[in-house]
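> After the sequence you'll find the predicted model.
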Amino acid sequence: MTYSFELAKEYGSHPIMTLVRELHREDKLHDTKIFFKYDGSTVTVNSFFISLCSPVLRKTICGDFKESSTRNVQVDDIQQRHFELALELWSGQAIQVQDLNDVLNIASAADRFEICNVQTMIEDSTIQILQSNGTECIEALNCSYDLGLFRVEQAARAEVLQKFEEYSKSENFPTLSETILESVIGDSCLHVDNEESVFESLIRWFNHGLMTRGSEHLVTAQNLLSKVRYPLMDREYLVSQAVAMVPAPFAERIRGLIQDGLRLLDWFRETGSFDGADLGSLDGLSVVRRAGYGVRWERYAEGCEARLEGHADVILSLVECEREDTVCSGSEDGTVRVWSKATLACERVLDAGSPVLSMACLGGLLVTGHDMGQVQVWDAAAGSRLRGFQAHDTGVEVLAVHAGLVCSGS
């Protein structure tokens with residue numbers, strides 16, 4: 001598949017950008033060497049051109065000026081090809097790329113050097129591709145997670161959660177990393193008709209891993225088995241089919257989990273709830289229904305807690321937004337999840353970009369405080385970021401509302 005990218009026509013055809021491109025091609029002006037440690041290559045470029053393009057490179061070059069006609073810059077984590085394609089896009093040229101992995105690496109290069117218009121354009125285009133043609137979602141989810149492209153990751157993740165049964169049968173599903181798969185099958189927003197399909201997709205992933213990597217590489221992956229919600233599965237299926245499907249190296253582990261699941265099913269049959277049951281090797285999330293089509297979140301018994309899952313790391317802050325009738329959770333993973341108080345479903349995910357230490361709601365606004373002293377303001381209903389600013393030199397540990405004002409403490 002071919003992917004084509006280009007910034008707005010009026011940007012590339014502007015007389016200034018035309019002149020910039022012409023000057024960039026003048027070899028006599030090439031006075032800075034960039035060494036790419038990742039692939040061992042070197043390119044000589046125009047320092048004025050790349051300083052215009054990237055504030056990061058501008059600081060590197062101008063902040064380390066030497067009395068020499070040549071300046072040297074080393075880049076550790078970017079390939080030369082991806083860097084040069086990001087420069088071409090910034091200068092108003094069109095590019096074509098054959099591989100989605102390359103597309104996301106160009107966006108990562110733009111992110112690394114703060115070439116913001118290029119990064120935003122590629123991410124927006126990639127998200128549109130995923131929404132119109134989801135065949136690349138698994139690859140996009142793997143790549144964007146590794147590269148730290150949170151907007152693409154969230155879009156790909158939402159698509160996989162919505163159409164999990166379809167993607168779990170695709171050829172590249174077994175390529176999902178252990179970390180991503182654990183977060184997906186552990187997410188209560190996962191849309192499935194039944195829990196058996198989650199279990200069977202996990203078995204396919206394990207079988208592929210045994211063939212390609214061997215059982216020694218899947219020791220830690222046994223924890224994935226505990227993410228399946230066995231008490232929601234059919235009893236006869238658990239007794240007669242489930243154990244037989246499990247690869248031999250993990251049979252002992254699965255027998256214990258299934259026995260706990262059967263015991264909880266018996267408890268529920270006798271008491272009408274899971275309240276008071278000994279969960280054994282299954283955590284509390286194992287008895288929470290998934291957000292399948294037409295399924296509403298509900299309590300299994302009066303007084304029983306409902307537990308929500310979705311963050312990839314620890315939760316650092318919580319706030320109730322009364323006007324929107326929602327609860328927001330902020331996490332170390334750099335996201336805010338907005339939960340409906342009525343249904344307990346996750347309505348939207350905000351990409352805050354860094355750990356969310358504190359939050360406050362003021363009318364229709366959500367204010368978030370972050371680990372490097374930043375404060376961001378969001379439209380709570382739309383989930384859009386309105387503005388951000390540097391409020392403190394260290395983490396914003398406290399946000400509070402008083403008399404129409406938001407106060408921050410660091």
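Arrived safely.

> so where is this structure shaky, pLDDT-wise?
1, 63-70, 133-134, 215-221, 272-307 (pLDDT under 70).

> in it, which helix has the most residues?
helix 251-271 (DSSP state H).

> Go through it and flag the buried ones.
By neighbour count with 16 or more other C-beta atoms under 10 Å, helix 251-271 contains the buried residues 254, 257-258, 260-265, 267-268. Bear in mind the C-beta positions are built from the backbone N, C-alpha and C, glycine included.

> Could you dump those into CSV with distance to residue 239 added?
Formatted as CSV, the buried residues of helix 251-271 follow (distance: C-beta to C-beta, whole Å):
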residue, distance to residue 239
254, 13
257, 13
258, 8
260, 14
261, 10
262, 7
263, 13
264, 14
265, 10
267, 16
268, 16
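
> which one among these gets closest to residue 97?
Comparing those against residue 97 with C-beta to C-beta places residue 254 closest, at 42.4 Å.

> picking up where we left off before, which of the buried residues of helix 251-271 lies closest to residue 353?
residue 257 (36.9 Å).

> The closest one touches residue 228, doesn't it?
Yes. Counting by C-beta atoms under 8 Å, residue 257 touches residue 228, with 7.5 Å between them.

> circling back: remind me what the longest helix of the chain packs against, helices and strands.
Helices and strands touching helix 251-271, by 3 or more C-beta pairs under 8 Å, 6 or more residues apart in numbering; DSSP states H and E, are helix 243-245.

> In the stretch 301-410 of the chain, what residue spans correspond to strands?
Along the stretch 301-410 of the chain, the segments classed as strands by DSSP state E, counting those that start in this stretch run 315-321, 326-331, 335-340, 346-351, 356-362, 365-370, 374-379, 384-390, 398-402, 405-409.

> out of those strands, nearest to residue 124?
Using C-beta to C-beta, the strands of the stretch 301-410 of the chain put strand 346-351 closest to residue 124, at 13.2 Å.

> List the contacts of residue 330.
315-319, 336, 352, 355-359, 368 (C-beta atoms under 8 Å, 6 or more residues apart in numbering).

> Now for those residues: which two are most distant?
It's 319 and 355 that sit farthest apart of the contacts of residue 330, by C-beta to C-beta, at 15.3 Å.

> And what about residue 56, helix, strand or coil?
helix (DSSP: H, G, I helix; E, B strand; the rest coil).

> burial count for it?
Each residue near residue 56 was counted by other C-beta atoms under 10 Å, and the total is 16.

> contacting residues for the closest residue to it other than its chain neighbours?
Nearest residue to residue 56 in three dimensions, chain neighbours excluded: residue 113, at 4.7 Å (C-beta to C-beta, 6 or more residues apart in numbering). Residues near residue 113 by C-beta under 8 Å, 6+ apart: 53-54, 56-57, 83, 86.

> Against residue 52, how distant is the residue nearest the centre of the chain?
Computing the C-alpha centroid of the chain and ranking residues by C-alpha atoms, centre = their mean puts residue 153 first, at 3.8 Å. From residue 153 across to residue 52, the span is 30 Å (C-beta to C-beta, to the nearest Å).

> can you map out the helices along the stretch 151-300 of the chain?
Using DSSP state H, counting those that start in this stretch, the helices of the stretch 151-300 of the chain run over residues 164-167, 178-185, 195-212, 235-237, 243-245, 251-271.

> again, but for the stretch 1-150 of the chain
Under DSSP H, counting those that start in this stretch, the stretch 1-150 of the chain gives helices at 9-12, 15-24, 47-53, 55-62, 80-90, 100-112, 116-132, 137-147, 150-162.

> Out of those helices, which gets nearest to residue 223?
Closest approach to residue 223 among these (C-beta to C-beta): helix 137-147, 18.0 Å.

> how far away is the closest residue to residue 230 other than its chain neighbours from residue 198?
Nearest residue to residue 230 in three dimensions, chain neighbours excluded: residue 261, at 2.7 Å (C-beta to C-beta, 6+ apart). Distance, residue 261 to residue 198, using C-beta to C-beta: 13 Å.

> Residue 101: what's it in contact with?
Counting by C-beta under 8 Å, 6+ apart, residue 101 has contacts 139, 143.

> go again using 6 Å as the cut-off
residue 143 (C-beta atoms under 6 Å, 6 or more residues apart in numbering).

> same thing with residue 364?
323, 380-381.

> how about the residues you listed in a markdown table, adding neighbour count?
Output for the contacts of residue 364, formatted as a markdown table (neighbours: other C-beta atoms under 10 Å):
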| residue | neighbour count |
| --- | --- |
| 323 | 12 |
| 380 | 23 |
| 381 | 16 |
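
> Kindly indicate which of the residues you listed lies nearest residue 178.
Using C-beta to C-beta, residue 380 is the member of these that lies nearest residue 178, at 34.6 Å.

> Excluding residues flanking it in the chain, which one is nearest that closest one?
residue 366 (4.3 Å).

> Make sure the one you found is actually in contact with residue 379.
No. Assessed by C-beta atoms under 6 Å, residue 366 is found out of contact with residue 379, at 7.8 Å.

> Comparing these two, which residue is more hemmed in?
residue 366 (27 against 13).

> what is the more buried one paired to in the beta sheet?
Counting by DSSP bridges, residue 366 is bridged to residue 361, residue 378.

> Residue 404 versus that one, what's the distance?
16 Å.

> And residue 79, by the same measure?
Applying C-beta to C-beta, the value for residue 79 to residue 404 is 51 Å.

> Between these two, which has more neighbouring residues?
Between residue 79 and residue 404, counted using other C-beta under 10 Å, the more crowded position is residue 79 (18 against 7).

> Residue 263 versus that one, what's the distance?
Computed as C-beta to C-beta, the residue 79 to residue 263 distance reads 53 Å.

> what's the angle between the longest helix of the chain and helix 195-212?
Going by axes from the mean of the first three to the mean of the last three C-alpha atoms, to 10 degrees, helix 251-271 is angled at 170 degrees with respect to helix 195-212.

> How far off centre is helix 251-271?
Computed by C-alpha atoms, centre = their mean, to the nearest Å, the chain-centroid distance of helix 251-271 equals 33 Å.

> Over to stretch 353-364?
For stretch 353-364, the separation from the chain centroid amounts to 19 Å (computed by C-alpha atoms, centre = their mean).
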